[in-house]
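> give me coordinates for this.
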Amino acid sequence: MLFRSTKTKKPEESETYQRFAQLMTWADQYRKLKIRTNADLPNQAAQAIAFGAEGIGLCRTEHMFFEHLDEIREMICSVTLEQRQKAVNKLLPFQRGDFEGLFREMNGRPVTIRLIDPPLHEFLSDRHLEEQPGLAAMLAKNLGITAEQVHTRVKSLHEENPMLGHRGCRIGIVYPEVTAMQARAILEAAVNVKKEGITVHPEIMIPLVGFLAEFKHQEKIVRDVAAQVFAEQGLTIEYSVGTMIEIPRAAMCADQIAQSAEFFSFGTNDLTQTTLGISRDDYGSFIGHYRENDIIGSDPFQQIDQEGVGKVMQTGVQGGRSTRPDLKIGICGEHGGDPKSVYFCHEIGLNYVSCSPRRIPIARLAAAQAAVEASKGK
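Numbers count the residues shown, from 1 in each chain. Predicted structure coming up:
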């Protein structure tokens, strides 16, 4: 009697994988755009590398904060700078450890790290206090204040339109100790990993900038912290400081912002919201009707609106490179994995697109097709 072997092939040994690998090899020979990934954790980075990612185009540091809510909530409820600094200091080792993991996993590939972006009420709101009855009392005890003060502070965080409120670089400007802590965590992590013999390329991204003064305020904090860290560690690393272009003013004034910013990354999710005046959270109630009645051709949050948002992006590219000809520019919104959006990014001269790990093969193929068609004059 004959028995079949029960040994299964590894995925990379399968015929399907071999065909996929060959297709990706061909695509990589022709494409001009680099393909990065949006990743916040080492395991996400590892998955992206397996799909062919050439770096991280967006690491969302606030996702790390959600793992340490007690500390970030203490920071939010602090009534004095001393209290706030103490709470922020508690977050430093956690952030540093997370960044070390990312740098090790990326092993020499560039890593773009966005400083805190969402409004603070995402970490602490009336809803959180209602769902956790003892939370206000715990925070009050830790800070030496009353539960009433905690409730008052939480109410003050409420915003009617938080997408356009106190978020992004605006948090770092009002609370510079947060920017300083994040910069220290990034740079200490980079130095530590470099000491292990691993090359690191951190790119620190300041979000929601609309004015050059906003960027310069935050950049100075980063540069000052970098000088301190390098002096303390006796070792320097190369790093860059750039910005996320996600509101129209930043694109319109890109020539000014590029005086200081060393790279741009279009946050096309928010750029679409702010350009079209449509909320990504609320548009579901009417977008289907719009598409059925040919008001718009495609979902603008899935595919770049080239006539509107696209023109804003082109203005940003032209303005930025008029000041800094070698300005590196990419995108890190959800559009980075959409084929037509990738085509458009190739056409306007971006350096890379960044998307979720599983969309990387699509982006690689689309970038190759765009390059081939452009070479034929299409």
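> these two touch, right, residue 193 and residue 200?
Yes: using C-beta atoms under 8 Å, residue 193 is in contact with residue 200, at 5.4 Å. The C-beta positions use only the backbone N, C-alpha and C, and glycine is treated the same way.
> higher neighbour count, those two?
residue 200 (27 against 22; other C-beta atoms under 10 Å).
> where does the closest residue to residue 360 other than its chain neighbours land on pLDDT?
Leaving aside its chain neighbours, residue 360 sits nearest to residue 51 (4.0 Å; criterion: C-beta to C-beta, 6 or more residues apart in numbering). For residue 51, the model assigns a pLDDT of 94.
> just checking, residue 51 touches residue 356?
No: look at residue 51 against residue 356 with C-beta under 8 Å: they stay out of range, at 9.7 Å.
> and for these two, which residues touch both?
By C-beta atoms under 8 Å, 6 or more residues apart in numbering, residue 51 and residue 356 have these common neighbours: residue 37.
> residue 181: how many residues sit nearby?
By the other C-beta under 10 Å criterion, the neighbourhood of residue 181 contains 24 residues.
> actually, residue 108.
Residue 108 is flanked by 11 other residues according to other C-beta under 10 Å.
> that one against residue 200, yeah?
Yes: in this structure, residue 108 is within contact of residue 200 by C-beta under 8 Å, at 7.5 Å.
> show me the shaky parts of the chain.
1-13, 378 (pLDDT under 70).
> tell me the centre residue of it?
The centre of the chain sits closest to residue 58, judged by C-alpha atoms, centre = their mean, with a distance of 3.2 Å.
> quick one: list the elements packing against the helix or strand where it lies.
Using DSSP states H and E, residue 58 sits in strand 56-60. Strand 56-60 is packed against strand 34-38, helix 81-106, strand 110-114, strand 352-355, with contacts defined by 3 or more C-beta pairs under 8 Å, 6 or more residues apart in numbering; DSSP states H and E.
> now render these as TSV, adding distance to residue 240.
Formatted as TSV, the helices and strands packed on strand 56-60 follow (distance: least, C-beta to C-beta, whole Å):
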stretch	distance to residue 240
strand 34-38	15
helix 81-106	15
strand 110-114	9
strand 352-355	14
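> so what sits against both of residue 193 and residue 200?
Both residue 193 and residue 200 are contacted by residue 103, under the criterion C-beta under 8 Å, 6+ apart.
> for residue 206, what are its contacts?
For residue 206, the residues meeting the contact criterion (C-beta under 8 Å, 6+ apart) are 115, 168-169, 172, 214-215, 218-219, 222, 241-244, 261.
> can you put those in TSV and add neighbour count, distance to residue 368 and secondary structure?
Formatted as TSV, the contacts of residue 206 follow (neighbours: other C-beta atoms under 10 Å; distance: C-beta to C-beta, whole Å; DSSP: H, G, I helix; E, B strand; the rest coil):
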residue	neighbour count	distance to residue 368	secondary structure
115	26	33	coil
168	27	34	coil
169	23	36	helix
172	24	39	helix
214	20	38	helix
215	23	34	helix
218	26	37	helix
219	22	36	helix
222	22	36	helix
241	22	32	strand
242	25	27	strand
243	32	29	strand
244	29	27	strand
261	28	29	coil
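> tell me the one of those nearest residue 375?
Taking C-beta to C-beta as the measure, residue 375 lies nearest residue 242 of the contacts of residue 206, at 29.8 Å.
> OK, contacts around the closest one?
By C-beta under 8 Å, 6+ apart, the contact set of residue 242 is 112, 203, 204, 205, 206, 261, 262, 263, 264, 265, 328.
> the fifth one bridge partners, please.
It refers to residue 206. Taking DSSP bridges as the rule, residue 206 bridges to residue 243.
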